[in-house]
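*Asks:* Let's see this in three dimensions:
(4 chains)
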Number of protein chains: 2
Amino acid sequence: MRKKRISITDIATALHVTPSTVSRALNGGGKVSEKKRLEILSLAKKLGYRPNPIAKSLVENRTHTIGLIIPEFTHHFYSRMLAGIESVTSKAGYQLLICTSNEKQKQEIKSTQTLLDARVDGILATISKMNDKFEHLQEVMDSGTPLVLVDRFSEEIETPYVISDDFNGAFSAVDYLCQNGCKHILHIKGPANLSTTFNRFMGYKEALRKHGIAFNEELILESSDTNLVEKIRFCLSNLPVDGAFAYSDYLAFEIYKVASELKIQIPGRLSVIGYADEPISTYINPTLSSVNQQPFEMGVAGAKYLLNKISNPETVLEVKTLATRLVIRESTQAVKTGH
Amino acid sequence: MRKKRISITDIATALHVTPSTVSRALNGGGKVSEKKRLEILSLAKKLGYRPNPIAKSLVENRTHTIGLIIPEFTHHFYSRMLAGIESVTSKAGYQLLICTSNEKQKQEIKSTQTLLDARVDGILATISKMNDKFEHLQEVMDSGTPLVLVDRFSEEIETPYVISDDFNGAFSAVDYLCQNGCKHILHIKGPANLSTTFNRFMGYKEALRKHGIAFNEELILESSDTNLVEKIRFCLSNLPVDGAFAYSDYLAFEIYKVASELKIQIPGRLSVIGYADEPISTYINPTLSSVNQQPFEMGVAGAKYLLNKISNPETVLEVKTLATRLVIRESTQAVKTGH
DNA sequence: CTGTTAGCGCTTTCAT
DNA sequence: ATGAAAGCGCTAACAG
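*Replies:* Next comes the predicted model:
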């Protein structure tokens, strides 16, 4: 049995005034005699009055709620991003309504609809991997609901976004490998169609170019390849591979397994760098050098953009490319011991 | 600029009927002539009408929203639990409002207040580690808002809960070690005051008892001990330890590090079992045997209890102790090669 | 079958 | 300074 909460009217009748007066007293807005104000405030406190945000939402046409769409919960990256988002929204007095897309476009579309229906004041979204249509996001924007994209973005959607600097992140990693003498650097690419995959690949190539190393198609593998493990094994067995840069830490771990099987020492004979700096980096042996994307900060920045756009809809298109940090651990040789 | 959404009244005036009629047609409730019904439905569809849940909440005094309080986002356990919860609430048409306590009682209290203010239809909470007061939870219950506890519970709060069977989880792990011949089993305990710590410790003792192994105080370590690593080193160096059962996978990893340093082979000379089956178990070398707590299922069960209690407040106190699964990996010897 | 009326809790003119 | 009244979008009792 839901207990009835006390309302502004309860206070009003008890004090022989009207709800308007109570509202004014509580919100400090209009003029209320000091005496009445204090009476009202103290009774409100005594009765444990709590304003009903639902009623407020209805008249103010905003909910103090922001919607969040993320692909999934289990990657550490998203957990950290979520924590970053929560840290700013909660401080600003906003509630978080959470939806998952499970990396499926269909669920993502449903989520946007759900959030729009819920009349959230704004939406923060990481678009799912498999997106090829963007009408649902356009619809969000058309509805006048501020939208900010985090981690992934699309050029088809003109809205603020915060992403990680994949190009330079990859560049710094491969550059590091080159500086330490690696000449034959394997790269495992991420999912096709993702801008992150493309940009990291570009960063890889640019680093090679800088060091005058010829690009070798043979050293490029696809994570989606069902024979990935065999391909890795082929490369490590038959080509003079001395470095590897993987799209993710998990893919780097695949390299570890094959290397271990082939008795190839890391970092002795092979230096490896992963991406995302997931906890796995510090657990595997040797610990894995990786590129940290600052997911917490990404969440913070995205949330700030959104709050800003909510309070100031005509703001210029804010866009941020977050710097990455190369974290060096045991999987890379600090100094190349000569050939 | 927020676009005005079309309302039930817009449709009503366009069709020269009253809002009530439109409401009835849309909700299928009362009687409406088939002709009008179709007219209304088709116009609603054409105009892209979407009901305003805020208005509905105000009159129905429920929000179709459930509040969630979790200690933090980053442990895989909570991510999985969250996924489980989300999977049932989203299917049931409920929105999830998320708050974190950061394992702090003060934040937890604030979160309950926030959720109560938001008029959520129910609350799902994992109480924070350091809780010693429970008035805020009692307040939730007094307000008539259904409350379900997950993962952790307190006997001071009489409300449905879903927890994991820590006693048997620990028992099965240590029993397994004993069956494989371990005689001197180290145990690292969890945080003091937590029921899980206590129950796992009891499970450990009970397994020893079953196998007629004398309990040895020397083999019990505390995770909070600042000299934990040294203590582990001491045990592994000076005592004939042949097995270890840790309160968490992360603590098991600490054992790994010391064992590696001391050149003690796992599982050759030392069998190790962790707890929680976090991803780390599959990344470390050798892969770690662990006790899976089925966090996803825990989320599912908790959410179901809550939905049940929401729709049926007078339900009996539902309580579930979820079975654990012992996951055997490389850190334990399947068959003890004799002494 | 359909319209009228009232009300959910609150804000916000507009009078007084 | 305060009250009266309207309205946010919707539901629900009550009349016809």
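*Asks:* drop to CA atoms for contacts and neighbour counts, all remaining ones
*Replies:* Noted.
*Asks:* Which residues does the host helix or strand of A:Leu82 contact?
*Replies:* If you go by DSSP states H and E, A:Leu82 is part of helix A:76-91. Under the criterion Cα atoms under 8 Å, 6 or more residues apart in numbering or on different chains, residues A:70, A:72-73, A:95-96, A:276, A:278-279, A:295-300, A:302-304, B:72-74, B:76, B:79, B:99 lie in contact with helix A:76-91.
*Asks:* Likewise for stretch A:34-50?
*Replies:* With contact meaning Cα under 8 Å, 6+ apart, stretch A:34-50 is reached by A:Arg5, A:Ile6, A:Ser7, A:Ile8, A:Ile11, A:Leu15, A:Val22, A:Ala25, A:Leu26, B:Asp117.
*Asks:* which of those residues has the most neighbours?
*Replies:* A:Val22 (25 neighbours; other Cα atoms under 10 Å in any protein chain shown).
*Asks:* ok so that residue is a strand residue?
*Replies:* No: counting by DSSP: H, G, I helix; E, B strand; the rest coil, one finds A:Val22 to be helix, located in no strand.
*Asks:* before we move on, the earlier item: farthest pair within the contacts of stretch A:34-50?
*Replies:* A:Leu15 and B:Asp117 (23.7 Å; Cα to Cα).
*Asks:* sorry, back to before: and DNA strand C, which of the contacts of stretch A:34-50 contact it?
*Replies:* Subset of the contacts of stretch A:34-50 in contact with DNA strand C: A:Arg5, A:Ile6, A:Ser7, A:Ile8, counting by Cα under 7 Å from any atom of the strand.
*Asks:* Can you verify A:Ile98 is assigned to a strand?
*Replies:* Yes: using three-state DSSP, the secondary structure at A:Ile98 is a strand.
*Asks:* Hmm, it is touching A:Thr65, no?
*Replies:* No: in this structure, A:Ile98 is not within contact of A:Thr65 by Cα atoms under 8 Å, at 10.4 Å.
*Asks:* Around A:Leu221, count how many other residues there are.
*Replies:* 20.
*Asks:* what about it, which SS state?
*Replies:* Taking three-state DSSP as the rule, one finds A:Leu221 in the strand state.
*Asks:* Name the nearest residue to it, sequence neighbours excluded.
*Replies:* Nearest residue to A:Leu221, sequence neighbours excluded (Cα to Cα, 6 or more residues apart in numbering or on different chains): A:Ile188, at 4.6 Å.
*Asks:* so how far is DNA strand D from A:Gln293?
*Replies:* Counting by Cα to the nearest atom of the strand, to the nearest Å, the gap from A:Gln293 to DNA strand D is 42 Å.
*Asks:* pLDDT score for the closest residue to that residue other than its chain neighbours?
*Replies:* Of all residues not flanking A:Gln293 in the chain, A:Thr324 sits nearest, at 4.9 Å (Cα to Cα, 6+ apart). A:Thr324 is assigned 98 on the pLDDT scale.
*Asks:* Verify the contact between A:Thr324 and A:Ala170 for me.
*Replies:* No: applying Cα under 8 Å as the test, A:Thr324 and A:Ala170 come out as separate, 9.1 Å apart.
*Asks:* Give the residues shared as contacts by those two.
*Replies:* Taking Cα under 8 Å, 6+ apart as the contact rule, A:Thr324 and A:Ala170 both touch A:Val291.
*Asks:* the more surrounded of the two?
*Replies:* Each of A:Thr324 and A:Ala170 has its neighbours counted (other Cα under 10 Å); A:Ala170 has more, 31 against 20.
*Asks:* isn't there a helix covering the more buried one?
*Replies:* Yes: A:Ala170 forms part of a helix when assessed by three-state DSSP.
*Asks:* Model confidence score at it, please.
*Replies:* Predicted confidence (pLDDT) for A:Ala170: 98.
*Asks:* check contacts around it.
*Replies:* By Cα under 8 Å, 6+ apart, the contact set of A:Ala170 is A:Asn199, A:Arg200, A:Phe201, A:Met202, A:Gly203, A:Tyr204, A:Val291.
*Asks:* so what's A:Gly268 up against?
*Replies:* Each residue near A:Gly268 by Cα under 8 Å, 6+ apart is listed here: A:Gln333.
*Asks:* helix, strand or coil for it?
*Replies:* Going by three-state DSSP: A:Gly268 is coil.
*Asks:* any idea how far it lies from B:Asn238?
*Replies:* 34 Å (Cα to Cα, to the nearest Å).
*Asks:* now do A:His187
*Replies:* Going from A:His187 to B:Asn238 by Cα to Cα gives 47 Å.
*Asks:* Which one of the two is surrounded by more residues?
*Replies:* The neighbour comparison of A:His187 against B:Asn238 (other Cα under 10 Å) goes to A:His187, with 28 against 9.
*Asks:* Give me the sheet partners of the helix or strand hosting the more buried one and which way each runs.
*Replies:* Per DSSP H and E, A:His187 falls inside strand A:185-189. Strand A:185-189 sits in its sheet next to strand A:220-222 (parallel), strand A:243-246 (parallel), going by DSSP bridges.
*Asks:* Give me the distance from the helix or strand following the last one to the chain's centre.
*Replies:* Going back to what we said before, that points to strand A:243-246. Sequence-wise, the next helix or strand downstream of strand A:243-246 (DSSP H and E) is helix A:249-261. Mean-position distance between helix A:249-261 and its chain equals 26 Å (Cα atoms, centre = their mean, to the nearest Å).
*Asks:* could you check the angle strand A:185-189 makes with helix A:249-261?
*Replies:* Between helix A:249-261 and strand A:185-189, the angle comes out at 130 degrees (axes from the mean of the first three to the mean of the last three Cα atoms, to 10 degrees).
*Asks:* Which positions in helix A:249-261 come out as buried?
*Replies:* Buried residues in helix A:249-261, counted by 16 or more other Cα atoms under 10 Å in any protein chain shown: A:Asp249, A:Tyr250, A:Leu251, A:Ala252, A:Phe253, A:Ile255, A:Tyr256, A:Val258, A:Ala259.
*Asks:* What's the first helix or strand after that helix?
*Replies:* Per DSSP H and E, the first helix or strand lying C-terminal to helix A:249-261 is strand A:271-273.
*Asks:* Give me the residues contacting the helix or strand that comes right after that following strand.
*Replies:* Downstream of strand A:271-273, the first helix or strand assigned by DSSP H and E is helix A:280-283. Applying Cα under 8 Å, 6+ apart, the contact partners of helix A:280-283 are A:Asp249, A:Tyr250, A:Gly274, A:Thr287, A:Leu288, A:Ser289, A:Ser290, B:Pro279, B:Ile280, B:Tyr283, B:Ile284.
*Asks:* Tell me which entries of the contacts of stretch A:34-50 lie within strands.
*Replies:* Among the contacts of stretch A:34-50, no member is found in strands (DSSP state E).
*Asks:* Many thanks, have a good one.
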